Each structure stands twice: as structure tokens, then as C-alpha cells.
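**Student:** mind looking at a prediction? Sequence and model below.
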Amino acid sequence: MPDVGDTAPAFTLLDDSGASVALKDLKGTRVVLYFYPKDDTPGCTTQACGIRDGWQQIEALDVKLFGISPDSPESHAKFRAKFDLPYPLLADEGHAVAEQYGVWVEKSMYGKKYMGVERSTFVIGPNGKVEHVLHKVKPGEHLDLIVKTING
């Protein structure tokens, strides 16, 4: 998992419209990447809609924000449209980017172990270096945590 001060792992992913998004093309801009487990599930919907509802606070931070999960661009398009999300969702279908960022982890539910995304957020500075890492983010507190972290 990249830590504060490390160069953020490079990636190119498709967004919910099928367009290619590469981290290298975002240099010079502060980027917020939030990794979440699955489109249209209760916790992920709470998280996504919380950001949507506080979108003016995100815009005031002058950042580019992206949600990333292993879902397909088509799934992302439906999720984004259903909840009128004002930001792009990136498809990490093979979970390679989640692995690079150290958020593809063993999880446990009802005693059963499986691999999945640990809800985490990375703030990447205009220079491409990781500025903040937020682990095990709680869906309902995510927006406030992003704003507080970036504003210091």
C-alpha cells in the first residue's frame, strides 16, 4: 500500500462512460481516489450519495474525485445515473489497481473468508505523490473526512 510521500501507483481505467482515465493525465491537479466494494449496495450507496449531497464542499476543495470499484463501466453507468452522482466512477474489473493500492484484502462475513475491496481513500497531490491515506472509511462519515483531511 502506498504511504504518504510515495509516488501514487500509475493506472489507466475506463470510466462509467467508457472513456479512458489515466492518473498521469491528472498531474498538476489534486486527485481523490476512493475505493469502494460494489455498486448499488447499502454501504456503497450511502457513501456515494453522501459525497453527492456535499458536492459543493468537494468542488470548493478544487480536486478531481473518482470512485473506483471492481464493477464494469456498464454497472457504474447505471449506479451513477440511478443516484445522479456528479463524479466519474472508474472500473477496476480485474482489481489490479486495488491490489496496487493495497486495498484488495481478505475479508470475512458470517465466518466466511473472501477477497474484496477495503473501503479506503487516497489523496494524491498535484506532483503525483500521496498526501493522505484514509483506511477503513465509514460510509456515512466519508465526505466530512475528505473535507477535514484536505482542509487540514
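**Tutor:** The structure has been received and is ready for your questions. Residues are numbered from 1 along each chain as shown.
**Student:** run through the bridge partners of the most centrally placed residue in the chain.
**Tutor:** Residue closest to the average C-alpha location in the chain (Cα atoms, centre = their mean): Tyr34, at 1.8 Å. Listed by DSSP bridges, the beta-bridge partners for Tyr34 are Gly67, Thr121.
**Student:** hmm, it is touching Gln47, no?
**Tutor:** Yes: Tyr34 is in contact with Gln47 according to Cβ atoms under 8 Å; the separation is 7.5 Å. Quick note: C-beta positions are derived from backbone N, CA and C, even for glycine.
**Student:** which other helices and strands contact the least confident helix or strand in the chain by mean pLDDT?
**Tutor:** The element with the least model confidence among the helices and strands of the chain, by mean pLDDT, DSSP states H and E, is strand 104-109, at a mean of 88. Applying 3 or more Cβ pairs under 8 Å, 6 or more residues apart in numbering; DSSP states H and E, one finds that strand 104-109 makes contact with strand 112-117.
**Student:** could you redo the last one with a cut-off of 10 Å?
**Tutor:** Strand 104-109 sits against helix 96-100, strand 112-117, with contacts defined as 3 or more Cβ pairs under 10 Å, 6 or more residues apart in numbering; DSSP states H and E.
**Student:** let me know which of those is the nearest to Glu131.
**Tutor:** Distance to Glu131, taken as Cβ to Cβ, is lowest for helix 96-100 among the helices and strands packed on strand 104-109, at 17.4 Å.
**Student:** and the closest one, which residues are buried?
**Tutor:** Neighbour counts using 16 or more other Cβ atoms under 10 Å place 97-98, 100 of helix 96-100 among the buried residues.
**Student:** residues contacting Pro9?
**Tutor:** For Pro9, the contacting residues are 1-2, 23, 96-97, 99-102, 122, 124, 130, by Cβ atoms under 10 Å, 6 or more residues apart in numbering.
**Student:** kindly recompute the last result at 8 Å.
**Tutor:** Counting by Cβ atoms under 8 Å, 6 or more residues apart in numbering, Pro9 makes contact with 2, 23, 97, 100-101.
**Student:** do Leu85 as well
**Tutor:** For Leu85, the contacting residues are 48-49, 51-52, 67, 79, by Cβ under 8 Å, 6+ apart.
**Student:** quick check, nearest of those residues to Val147?
**Tutor:** Comparing the contacts of Leu85 against Val147 with Cβ to Cβ places Ile51 closest, at 10.2 Å.
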